[in-house]
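J.: please work out how this folds:
(one chain, ligands or ions: 1)
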Amino acid sequence: MCGIAGYVGNKLSMPIVLNALSSLEYRGYDSAGIAVNEFGKIIIEKSEGKLGNLKSKVNNKLISSSCAIGHTRWATHGEPNKTNAHPHKDFGYNFAVVHNGIIENYNALKRKLKKENIKFYSDTDTEVIPHLLYLETKNKKITTNLMINALHNVVKQIKGSYALAILVKDLPDYIFIAKKQSPLIIGLGKNENFIASDVSALLSHTNNTIYLNDDEIGFITPNEIKIFNAHLKEVKFSVTKLTLQPEQVMLGNYKHFMEKEIDEGSKSIYETVKELQRNRTLHKIPVSVIKNCSSIHITACGTALNAGMIAKYILERDCRVPVFLDCASEFRYKNPIINENSLCIFISQSGETADTLACMELCKSKNAFCLAITNVVGSRITRLADFCIFTVAGPEIAVASTKAYVAQITALFCFVKAVARLNKKTLDYNEKDIIEVSKMLAEHDYKKELNDLVKKIKNKESVYFIGRGIDYFVALEAALKLKEISYIHCEAMAAGELKHGSLALITNNTVVIVILTQPDLIDKTLNAIYEIKSRGAFVVLFSQFKDCAKYVDYFVELKNTKASLMPLIASKPIQQLAYFTAIEKGNDPDKPRNLAKSVTVE
Ligand code: M6R
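T.: All right, here's what the predicted structure looks like:
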């Protein structure tokens, strides 16, 4: 949902900011733009489409500024064209602004500004900010104090979310910043400082960072950082040392991040278990929270929600705890039954997903215990939660979630184990089994086995996935992954539901991919296979049960493990199927159309 970056120091700022934007491009790639302050003159360059377009445009421009801000956009207001691209400016080029978030009351602010004879050139919500700054500073001598007061007055008028970086014509060595709900991190250098939406853009320059809090504003110069709270009181900030290594956000020998991240899945399972064991994390959850909770509520979006479904199933089936599961965009609007005895679990790779965070705020307001499962230390979700379980997948760059999905399932399996222990229930797996699975995943690659299937489905308009029980949740994830990057219409169905309507879609050569990993569901799933086969479908089976291969047209053999853990085993071939299909179709698997990695708007 847009990435912002900035640099002020003693080096050429443009290449540094363009490089930082490359690391942030996963947040949006509808357009990109950069603004520099060249000795008191603001110059803005923008391009429609991916960052590469902007890079080629500015390549040969000799701009010698050492202060710049940049933006990579995921369009929310206004078409993804050059006019709507950030940075935005006022008419006198006094200010250049990049923004991540949504200004919900921008129409009211526009009306107010129009009364002051201010004309708008774009359809964006962001454009109101430079104009508001202009009004606040009109006919006044621009000083640091004046700017901080002006910014304070501007953000007071904004409803919504924002991470802002602002260049000021008359203060060439300053980047002003403000944050509410969207992430903004300062990177500390020697005679230089940086800002970015995400640490991945800072890693090659510094390990020392400051995470801005909501409602804070401030500025950075090459040698100074000042941060103020909502009451304009200067804030003492603390420096967070990053432990990430730059290689973790680089492609290395891989062509795409998605390919690299699928491969890293096995490591992320292993590291997640080990880290939870090392820190005894699950023993630190207050026992009363688990023992006394009246119900568990799991809330998440997309892939994280699919991971949550698996946990709900096992918690109810084996631990006998009632679990409610909702997608975050719906949860808030159903007036959920939450109270101080509810245990609310929020799963989010990024820890920044706006819908999930809004649900957490709601549950907190009802005094429920809020537990976050996230991959990003320091993310907003970690600061709101009562307790955090971290997945150790490392930075996930590709928009399609892969290694984070398996890490989420792993963390949930470990959490379920803790619930079972306290409730004196038995499960069919333990942590050692999970480690075994991580090894199995590292050993096997499905490229060859999937080759003909990829050719078969690449030109299909629709592909259907079916499964029962846990396999249905795997089917949901398989369909999400394939549609997200191949643009083929995919739908997952509970196998038993087919005959209640969807069977009407099955004709000669319709591709149906069946997930079958649960021994107690073989017969019932085979029934569904017979039904679709007799309607002429091309049936693909992902299963460890080799005996079932004879009933289908295409068989992908899975390794076998404890039944509950089979979603981890099935994750790799379903992710690779999506990846290879996208490649075969000539799509960019890392940056699928219309999407962005962190969905920081509701
Ligand atoms: O960062 P989060 O886990 O909160 O993100 C949730 C979804 O936006 C995300 O899983 C999305 O569905 C993926 N792009 C799917 O691959």
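J.: so which bits of this structure are right by the ligand?
T.: Residues of the chain lying near the ligand by CB under 6 Å from any ligand atom: 301-304, 348-350, 353, 356, 399-401, 480, 484, 599. For the C-beta atoms, the positions are set from N, CA and C on the backbone; glycine is no exception.
J.: sort out for me which of those residues are in helices.
T.: Cross-referencing the residues of the chain next to the ligand against helices under DSSP state H gives 302-304, 356, 480, 484.
J.: distance check, the residue in the chain sticking out farthest from the centre against Leu113.
T.: Here the chain reaches farthest from its C-alpha mean at Asn139, the gap being 43.0 Å by CA atoms, centre = their mean. To Leu113, Asn139 is 17 Å away according to CB to CB, to the nearest Å.
J.: same question, Asn81
T.: Asn81 is 22 Å from Leu113, where distance means CB to CB.
J.: with His71 instead?
T.: From His71 to Leu113 the distance is 21 Å (CB to CB).
J.: more neighbours, these two?
T.: Neighbours per residue, other CB atoms under 10 Å: of His71 and Leu113, the larger number sits with His71, 33 against 19.
J.: just the closest residue of this structure to the ligand, please.
T.: The minimum distance from the chain to the ligand, using CB to the nearest ligand atom, falls at Gly302 (1.9 Å).
J.: and the pLDDT for that residue?
T.: At Gly302, the predicted lDDT confidence score is 98.
J.: what do you get for the one 4 residues further on?
T.: Each residue has a pLDDT score; the one for Asn306 is 98.
J.: shaky segments in this protein?
T.: Judged by pLDDT under 70, the chain has no weakly predicted residues.
J.: the same query, at a cut-off of 80, please.
T.: Low-confidence segments of the chain (pLDDT under 80): 1, 60-63, 598, 600-602.
J.: any idea how it splits into domains?
T.: 3-248, 251-444, 445-558 (automatic domain parsing).
J.: how far does the longest one sit from the chain's center?
T.: Which is domain 3-248. Relative to its parent chain, domain 3-248 has a centroid offset of 21 Å by CA atoms, centre = their mean, to the nearest Å.
J.: got the residue ranges for the helices in the stretch 151-300 of the chain?
T.: Assigned by DSSP state H, counting those that start in this stretch, the stretch 151-300 of the chain shows helices spanning 257-263, 265-279, 287-291.
J.: over to the stretch 451-600 of the chain?
T.: 470-486, 522-533, 566-584.
J.: who does the first one touch, helix- and strand-wise?
T.: Using 3 or more CB pairs under 8 Å, 6 or more residues apart in numbering; DSSP states H and E as the contact criterion, the elements in contact with helix 470-486 are helix 302-319, strand 462-467, strand 489-494, strand 511-516, helix 566-584.
J.: tell me the most buried of these?
T.: Of all the helices and strands packed on helix 470-486, strand 511-516 has the most neighbours on average by mean count of other CB atoms under 10 Å, namely a mean of 27.
J.: which residues are contacting that one?
T.: Applying CB atoms under 8 Å, 6 or more residues apart in numbering, the contact partners of strand 511-516 are 456-457, 460, 462-468, 471-472, 474-475, 478, 495, 506, 522, 525, 528-529, 532, 537-543, 545, 548, 552, 570, 574.
J.: mind listing the strands it pairs with, and their directions?
T.: The pairing partners recorded for strand 511-516 under DSSP bridges are strand 462-467 (parallel), strand 538-543 (parallel).
J.: now distance to Ser13 too, for the ones you listed, in a markdown table please.
T.: Listed next are the strands paired with strand 511-516 as a markdown table, based on distance: least, CB to CB, whole Å:
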| stretch | distance to Ser13 |
| --- | --- |
| strand 462-467 | 47 |
| strand 538-543 | 50 |
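J.: between these, which one is nearest to Asn100?
T.: Across the strands paired with strand 511-516, Asn100 has its closest neighbour in strand 462-467 (34.2 Å, CB to CB).
J.: show residues contacting the closest one.
T.: Outside strand 462-467, the residues that touch it by CB under 8 Å, 6+ apart are 457, 472-476, 478-479, 482, 488-495, 498, 502, 505-506, 510-516, 525, 528, 532.
J.: next: stretch 245-252.
T.: Stretch 245-252 is contacted from outside by 23, 200, 203-204, 257, 260, 394-395, 397, using CB under 8 Å, 6+ apart.
J.: next: stretch 576-593.
T.: Counting by CB under 8 Å, 6+ apart, 25-26, 29, 50, 256-259, 262, 397-400, 445-447, 450-451, 453-455, 457-458, 478, 481-482, 484-488 sit against stretch 576-593.
J.: can I assume Lys180 is in contact with Leu212?
T.: No - if you go by CB atoms under 8 Å, Lys180 and Leu212 don't touch, sitting 9.5 Å apart.
J.: joint contacts of the two?
T.: Common neighbours of Lys180 and Leu212 (criterion: CB under 8 Å, 6+ apart): Ala163.
J.: from Glu396, how far out is Ala304?
T.: With CB to CB as the criterion, Ala304 and Glu396 are 11 Å apart.
J.: one step back: can you redo the helices and strands packed on helix 470-486 as CSV with distance to Asn223?
T.: Output for the helices and strands packed on helix 470-486, formatted as CSV (distance: least, CB to CB, whole Å):
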stretch, distance to Asn223
helix 302-319, 41
strand 462-467, 57
strand 489-494, 53
strand 511-516, 58
helix 566-584, 46
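J.: for Leu343, which of these is the nearest?
T.: The nearest among those, by CB to CB, is helix 302-319 at 10.5 Å.
J.: quick check: angle from the closest one to strand 489-494?
T.: Helix 302-319 and strand 489-494 are oriented at 10 degrees to each other (axes from the mean of the first three to the mean of the last three CA atoms, to 10 degrees).
J.: and helix 302-319 with helix 566-584, angle?
T.: In terms of direction (the same axes, to 10 degrees), helix 302-319 departs from helix 566-584 by 160 degrees.
J.: need the contact list for Ala68.
T.: 6-7, 13-14, 16-17, 34-37, 167.
J.: and Ala96, by the same measure?
T.: Applying CB under 8 Å, 6+ apart to Ala96 gives the contacts 35, 37, 42, 44, 69, 87-89, 130, 166-167.
J.: go with 10 Å
T.: 33-37, 42-44, 68-69, 71, 86-90, 130, 165-169 (CB atoms under 10 Å, 6 or more residues apart in numbering).
J.: also Arg535?
T.: Residues near Arg535 by CB under 10 Å, 6+ apart: 498, 503-508, 510, 512.
J.: neighbour-wise, which one of the residues you listed leads?
T.: Val512 (27 neighbours).
J.: beta partners of it?
T.: Per DSSP bridges, the residues bridged to Val512 are Tyr464, Val539.
J.: relative to Glu584, how far out is it?
T.: Val512 is 20 Å from Glu584, where distance means CB to CB.
J.: what's the answer for Asn279, then?
T.: 42 Å.
J.: ok, back up a step: export the ones in helices among the residues of the chain next to the ligand to CSV and tack on distance to Cys370?
T.: Below are those laid out as CSV (distance: CB to CB, whole Å):
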residue, distance to Cys370
Gly302, 20
Thr303, 21
Ala304, 15
Thr356, 11
Leu480, 26
Glu484, 28
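J.: and the furthest pair within the residues you listed?
T.: Maximum distance among these (CB to CB): 18.2 Å, for Thr356 and Glu484.
J.: more neighbours, those two?
T.: Neighbour count, other CB under 10 Å: between Thr356 and Glu484, Thr356 has more, with 29 against 21.
J.: you'd agree that one is up against Glu330?
T.: No - Thr356 is beyond contact range of Glu330, at 11.8 Å (criterion: CB atoms under 10 Å).
J.: overlap in contacts, the two.
T.: Thr299.
J.: Arg320 contacts Lys425, correct?
T.: Yes - under the criterion of CB under 10 Å, Arg320 makes contact with Lys425 at 6.7 Å.
J.: more crowded one of these two?
T.: The neighbour comparison of Arg320 against Lys425 (other CB under 10 Å) goes to Lys425, with 16 against 11.
J.: show me what contacts the residue nearest to the more buried one when sequence neighbours are not counted?
T.: Using CB to CB, 6 or more residues apart in numbering and skipping the chain neighbours, the partner closest in space to Lys425 is Cys319 (5.0 Å). Under the criterion of CB under 10 Å, 6+ apart, the contact list for Cys319 reads 290, 296, 416-427.
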